[in-house]
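# Sequence and predicted structure below; questions after.
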Amino acid sequence: VADSGRHELAQRLIAGYAAALTPEVLAALPHSVIHSDVNDTNLLFEDDEVVGILDFGDSIYSCTVFDVGVAAGYYALGQEDPLHVFEEVLRGYLRTATLSEKELEAFFHVAYGRVLLSVCFSAQTCAAEPDNEYLAHTSEPGWAVLSKLQDVSPAAALARFRA
């Protein structure tokens with residue numbers, strides 16, 4: 001990440017992610033086969049209801065909470081209050097599924113972690129293709145999400161998720 005402010009933000013968030021989601025924590029979380037790319041382009045809608053999911057090419061056996069976290073990260077893009085979006089996605093998920101306390105504690109990190117991965121990957125790709133304006137432009141919503149979340153403590157996020 002070339003921009004020093006964004007680089008510092010990414011480093012802080014990576015450190016928080018790594019501290020919270022250690023290999024031991026991840027190993028202890030429930031695992032299942034997950035889609036791992038749930039976003040609006042992979043959902044089929046009928047009126048306002050999701051009636052199907054497409055593109056299982058990224059499906060893997062991993063931490064179950066990653067599926068809802070990835071979806072929350074995607075849906076936060078372009079939104080004014082990403083933490084509220086995380087809450088809403090989580091609330092919808094919990095209408096039909098459950099999460100353990102440990103999964104709930106991991107959720108915030110997983111959700112912002114997906115956005116963080118996306119912007120860091122984009123920065124790497126932009127460095128290789130500096131004239132590709134599309135790549136640079138598509139990462140801006142992700143940086144906006146991370147900027148809005150940078151001062152949210154995991155404990156405060158967890159309290160909102162439990163409410």
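Happy to help now that I have it.
# Let me know the outermost residue of this structure.
For the chain, the residue at maximal distance from the C-alpha centroid (Cα atoms, centre = their mean) is residue 131, at 27.4 Å.
# and that residue, what element?
According to DSSP states H and E, residue 131 maps onto no helix or strand at all.
# Stretch 56-65: which residues count as buried?
By neighbour count on 16 or more other Cβ atoms under 10 Å, the buried set for stretch 56-65 is 63-65. No exception for glycine: its C-beta is placed from N, CA and C like everyone else's.
# measure it end to end?
Terminal residues of stretch 56-65 are spaced 17 Å apart (Cα to Cα, to the nearest Å).
# in the protein, which spans are helices?
Using DSSP state H, the helices found in the chain span residues 4-20, 23-28, 65-76, 82-94, 101-128, 133-149, 154-162.
# number of nearby residues for residue 148?
Other residues lying near residue 148 total 16 when counted by other Cβ atoms under 10 Å.
# What separation do you get for it and residue 76?
For residue 148, the distance to residue 76 (Cβ to Cβ, to the nearest Å) stands at 9 Å.
# In contact with residue 78, which residues?
By Cβ atoms under 8 Å, 6 or more residues apart in numbering, the contact set of residue 78 is 141, 144.
# Recalculate using a threshold of 7 Å.
Residues in contact with residue 78 (Cβ atoms under 7 Å, 6 or more residues apart in numbering) are residue 141.
# tell me, what's touching residue 148 and residue 76 both at once?
Common neighbours of residue 148 and residue 76 (criterion: Cβ under 7 Å, 6+ apart): residue 82.
# so where's this protein shaky on pLDDT?
Scanning the chain for pLDDT under 70 picks out 35, 134-138.
# try 90
Of all residues in the chain, those with pLDDT under 90 make up the ranges 1-4, 33-60, 62, 74, 118, 121-139, 163.
# one step back: for the buried residues of stretch 56-65, which one is nearest residue 159?
When the buried residues of stretch 56-65 are ranked by distance to residue 159 (Cβ to Cβ), residue 65 comes first, at 17.7 Å.
# What is the burial count for the nearest residue to the closest one once chain neighbours are set aside?
Closest residue to residue 65 apart from its sequence neighbours, by Cβ to Cβ, 6 or more residues apart in numbering: residue 103 at 4.1 Å. When neighbours are counted by other Cβ under 10 Å, residue 103 registers 18.
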